[in-house]
Every structure is written in structure tokens, then in C-alpha cells.
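Trainee: Turn this into a structure:
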Amino acid sequence: MLRLPAVGSTDAQIAGELFISAKTASVNVSNILAKLDVPNRATAGARARDLGAV
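Mentor: Residues are numbered from 1 along each chain as shown. Now for the predicted structure:
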């Protein structure tokens with residue numbers, strides 16, 4: 001799941017790829033941001049690359 005926001009996918013794009021609702025994708029992205037302790041998707045992407053997760 002972290003790969004999709006890290007490359008700039010929107011909630012709707014994430015939802016379509018994972019066969020979930022856009023709201024579920026939004027909640028999951030929010031949870032990822034909170035767990036990584038970052039303010040936005042761009043920072044989450046950078047953190048994921050730093051951690052070798054993407």
C-alpha cells in the first residue's frame with residue numbers, strides 16, 4: 001500500500017488498483033502518514049525510500 005501514495009497516486013487511483021473504496025484508501029493513507037509521523041504524501045514517499053520500503 002505504501003508504494004501507491006509514494007508515487008503520487010490519488011485516493012481514487014489507489015482504490016481502483018486495490019479494489020477498495022476511495023474512502024477506505026483515504027483512511028489507510030491517513031494511517032500510514034500517522035505511523036510514519038509525516039505531514040503529507042510527499043514526505044511519506046521520501047521516508048519510504050529512505051527506509052528501503054519503496
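
Trainee: Tell me the first helix or strand C-terminal of the longest helix anywhere in the chain.
Mentor: When the chain is parsed with DSSP state H, its longest helix is helix 22-36. Using DSSP states H and E, the next helix or strand after helix 22-36 towards the C-terminus is helix 41-51.

Trainee: ok and the longest helix of the chain relative to helix 41-51, angle-wise?
Mentor: 50 degrees (axes from the mean of the first three to the mean of the last three C-alpha atoms, to 10 degrees).

Trainee: on contacts alone, who are the packing partners of helix 22-36?
Mentor: Helices and strands touching helix 22-36, as assessed by 3 or more C-beta pairs under 8 Å, 6 or more residues apart in numbering; DSSP states H and E, comprise helix 11-18, helix 41-51. For the C-beta atoms, the positions are set from N, CA and C on the backbone; glycine is no exception.

Trainee: so how far is Arg47 from Asp11?
Mentor: Distance, Asp11 to Arg47, by C-beta to C-beta, to the nearest Å: 19 Å.
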